[in-house]
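Student: sharing a model prediction with you, sequence too.
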Amino acid sequence: TMNFISFLLFLLLVDSSLCLIKHKRRTNKVSQECVNEKGFKIIRPNGKLKSCFWLKKRKTSKRDKLCNQWQKESQMRIRDACRKTCNNCSEVPNDPGLPKPNLVMILTDEQNIRTLSTYRNYMVEKYGEDKADVWGPDAKMSTPNIDSLANEGAMFTNFYTVAPVCTPSRASFMSGMYPHKTGADKNHGRMDGDITTFAQVLNDQGYKTSYLGKWHLDGTEFPGWASNVPEWVSNGRSFGFDENKYRFNRGHWKYFREEGDSVVGYDFFQEELFNGNHEAHYSTDFLFDKGTEFIENSLKSGENFAVVLSIPDPHSPNSIRPPYDTMYKDIHFNIPDTGKRALRRDPAPPGWQQLIADRPDGFGLSMDQYINDLEDSPSSWWQDYMQQYFGMVSCIDDNVGKLMQMLKEKGADDNTIVVFTSDHGEMGMEHGKIEKGSPFETSAKIPLLVRYPAAIPKGKIIETAYSSVDFAPTILDLMGVSFETAGLNSHFEGVKASGDILSDDLNPADDDKIIFSVDYVKGKWASAMMRGYKYIIGRFDAPWLFDLNLDPDEIVNYADSHSHQVIKNKLQTALVEAIMNNLIYYDIGLDVYLDSPQCLDSRDILPLEDGRRKICKDIGNTVSVDICLEDNIFLNFCPLTCPEKCSIDSEGKILLRNGQAMSCSQIAISDTDICSASKKTRTFCPATCQMNENASIQ
């Protein structure tokens with residue numbers, strides 16, 4: 001008995017020692033302190049000495065530029081001394097006891113963030129159930145396997161795409177550069193062949209690499225299977241991926257089958273070809289299975305691997321294999337309240353938001369009838385659209401579970417970084433729209449979950465704002481790549497989030513970091529975002545400022561709120577600087593309002609007594625102009641359209657097509673005749689422009 005007890009005590013001691021070693025390894029991996037060097041001084045051109053703390057207070061664009069400067073007096077770059085301020089914390093590569101990690105990147109297409117229960121739970125805690133469950137109290141789902149990545153790693157709650165459409169977003173993910181620097185800033189754009197992707201860097205470091213699924217960076221190739229285009233490798237279109245057989249350029253095939261050395265895709269209406277064998281050939285299952293084979297082969301050969309599983313779902317067409325096709329058939333989906341209000345113009349959505357149906361009265365329906373039919377008509381597409389969408393997400397979640405089980409069984413889960421993210425969101429009829437393309441949360445905000453047990457503390461929630469352009473430098477730094485050795489110090493336009501990921505702080509939240517998201521495809525809007533706030537300019541409207549803390553629904557425009565002016569000016573300045581410095585590309589076109597014009601028609605429905613759904617542009621057509629004279633309400637409602645023109649200069653600035661941001665007082669003393677060349681300037685500064693016109697006549 002004593003021998004048995006002694007043996008048990010021995011096992012306990014060994015187990016405790018192993019736990020201590022594991023904990024020590026985890027803390028040692030951040031032994032290269034993520035701190036600023038005490039006493040270091042930044043020498044300014046005027047000779048003044050500044051500290052790293054001074055640098056932290058600079059604007060993001062200015063700070064990043066200074067961080068990369070070489071200081072000959074200290075014979076080092078500023079970022080190497082101000083490591084924390086410059087986010088230059090590469091803890092992993094300097095730990096000789098930590099083996100090279102593997103990488104699995106799961107990239108879905110058009111992922112609504114509310115359909116991931118880990119994000120829904122976060123929203124419930126932050127905003128309440130009524131704000132989280134926008135389709136109704138029963139229209140929610142569980143994604144336990146995807147959730148486990150967050151529970152056992154880090155969840156980014158303010159991660160946005162630089163452009164909420166497929167191609168430009170994917171280009172930024174792969175390259176760490178803004179889309180217009182890659183050649184792929186429009187949908188179906190062709191990424192330049194000389195772009196260095198994070199996969200190329202890892203491949204050069206000895207990683208075995210593979211890309212499976214939708215690529216969408218090879219122009220108009222359709223479907224563009226790599227197995228059918230062998231010259232991709234020889235002409236430099238592999239972008240660092242060793243194996244590309246299961247990579248296709250574009251299209252949303254629902255079933256795949258290998259036929260000889262090639263892969264063939266089949267549409268959803270051909271699913272009867274796979275009766276009895278749906279699971280083996282359905283796109284999500286097929287790609288996860290092939291990715292699993294690649295991982296198992298890499299582990300068997302003892303090679304480090306990096307694989308991207310680019311899943312075409314849950315992008316439309318909304319169709320899914322059994323049993324997921326009927327899994328949510330009993331759930332009823334409401335139109336979100338923001339969707340109903342946008343469709344009713346109560347209030348009207350911003351000018352850059354394209355509604356799914358602007359004026360359905362052209363079909364003989366009132367807006368209320370249209371909404372009711374969407375929600376309750378047996379023939380409505382809406383219920384099936386969402387039921388199938390939920391089914392696609394559940395299928396993805398189950399495959400994530402199978403993948404994680406395989407990694408665990410192979411003993412590779414502890415040292416494999418598993419990432420879950422998406423190229424852009426799906427609005428699900430919030431703000432009156434499906435799919436993507438706008439700066440609203442469920443279009444531009446995307447999930448980013450990172451699990452790496454060997455290095456990342458469990459349950460970390462990162463609230464600092466980051467975007468898809470930050471992914472490549474972050475993942476390479478997390479994987480221990482030396483940027484200096486790889487020649488990457490000035491390559492990426494994104495920044496490393498690895499400092500936040502690896503820190504002991506379980507809730508990093510930098511309120512000063514600003515990111516950008518732009519409509520690269522249609523040029524309707526450009527935005528600057530930071531934790532809790534979003535500033536948006538557009539060609540067809542006044543600027544908008546959303547305060548997500550006060551208004552998570554993004555209904556209220558706080559651009560003219562006195563208490564929000566400091567925030568607005570900070571985001572406005574950063575956005576203008578990013579545009580003018582070509583960090584992001586936004587075609588200013590015929591001038592853009594940076595502040596609200598004094599004279600601008602409301603976009604809301606006119607308050608007509610007869611209840612007709614009319615707007616300002618209907619005055620003089622289907623609505624008599626006499627209403628402007630009869631009631632000051634309409635004169636104030638439609639100051640541009642009503643005959644008695646508004647003549648009050650606006651406060652603030654307008655961004656001119658030449659890149660100058662000018663106020664009316666600056667335009668008044670300008671040597672250039674700005675007013676005659678721009679209708680928007682005449683709208684923004686009517687008094688000044690009239691004064692200039694009178695002076696020119698005299």
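Tutor: Alright, I've got the coordinates. Numbering: from 1, shown residues only.
Student: contacting residues for M691?
Tutor: A668 (Cβ atoms under 8 Å, 6 or more residues apart in numbering). C-betas here are computed from N, CA, C, even on glycine.
Student: where does it land in three-state SS?
Tutor: What DSSP: H, G, I helix; E, B strand; the rest coil gives for M691 is helix.
Student: what is the helix or strand containing F420 packed up against?
Tutor: Per DSSP states H and E: F420 is located in strand 416-422. If contacts are counted by 3 or more Cβ pairs under 8 Å, 6 or more residues apart in numbering; DSSP states H and E, strand 416-422 sits against strand 102-108, helix 144-151, helix 381-409, strand 448-451, helix 471-478.
Student: which one of these lies nearest to R250?
Tutor: When the helices and strands packed on strand 416-422 are compared by Cβ to Cβ, strand 102-108 sits nearest R250, at 14.3 Å.
Student: now that closest one: mean pLDDT?
Tutor: For strand 102-108, mean pLDDT is 98.
Student: next one: it to chain centre, how far?
Tutor: 17 Å (Cα atoms, centre = their mean, to the nearest Å).
Student: strands paired with it, and their directions?
Tutor: Each strand that pairs with strand 102-108, with its direction, by DSSP bridges: strand 305-310 (parallel), strand 416-422 (parallel).
Student: now do the shortest one against helix 471-478, angle only.
Tutor: Interaxial angle, strand 305-310 versus helix 471-478 (axes from the mean of the first three to the mean of the last three Cα atoms, to 10 degrees): 150 degrees.
Student: re earlier: nearest to M529, of the helices and strands packed on strand 416-422?
Tutor: So among these, strand 448-451 is nearest, using Cβ to Cβ, at 14.6 Å.
Student: show residues contacting that closest one.
Tutor: With Cβ under 8 Å, 6+ apart, strand 448-451 has contacts from 118, 146, 148-150, 152-156, 159, 417-421, 456, 466, 471, 478, 501.
Student: tell me how far S498 lies from T118.
Tutor: The gap separating S498 from T118 is 21 Å, by Cβ to Cβ, to the nearest Å.
Student: who has more neighbours out of the two?
Tutor: A count of neighbours by other Cβ atoms under 10 Å puts S498 above the other of S498 and T118, at 26 against 22.
Student: show me what contacts A306?
Tutor: Neighbour list for A306: 102-103, 105, 199, 202-203, 207-210 [criterion: Cβ under 8 Å, 6+ apart].
Student: of those residues, closest to G611?
Tutor: M105 (53.1 Å).
Student: how much space separates the closest one from G265?
Tutor: As for M105, its distance to G265 is 22 Å (criterion: Cβ to Cβ).
Student: S117 now?
Tutor: Separation of S117 from G265 (Cβ to Cβ): 31 Å.
Student: and what of E243?
Tutor: 18 Å.
Student: with S380 instead?
Tutor: 29 Å.
Student: same question for T464.
Tutor: From T464 over to G265 (counting by Cβ to Cβ), the distance is 39 Å.
Student: more neighbours: the two, which one.
Tutor: Neighbours were counted for T464 and for G265 using other Cβ under 10 Å; T464 has more, 22 against 18.
Student: need the pLDDT of the residue lying closest to that one once chain neighbours are set aside.
Tutor: Leaving aside its chain neighbours, T464 sits nearest to D510 (4.2 Å; criterion: Cβ to Cβ, 6 or more residues apart in numbering). For D510, the pLDDT comes out at 94.
Student: cool, L600 as well?
Tutor: Looking at L600, its pLDDT reads 90.
Student: repeat for N121
Tutor: 97.
Student: distance from whatever helix or strand it lives in to the middle of the chain?
Tutor: Using DSSP H and E, N121 sits within helix 117-127. Its chain's C-alpha centre and that of helix 117-127 lie 18 Å apart, by Cα atoms, centre = their mean.
Student: who's in contact with that helix?
Tutor: Under Cβ under 8 Å, 6+ apart, the answer for helix 117-127 is 113-114, 131-133, 140-144, 146-147, 150-151, 155, 157, 447, 449, 461, 552.
Student: just to revisit the earlier point, so the residue nearest to T464: helix, strand or coil?
Tutor: With three-state DSSP as the basis, D510 sits in coil.
Student: could you do A171 as well?
Tutor: Put simply, A171 is helix when judged by three-state DSSP.
Student: you'd agree it is up against N187?
Tutor: No - taking Cβ atoms under 8 Å as the definition, A171 is not a contact partner of N187, at 10.8 Å.
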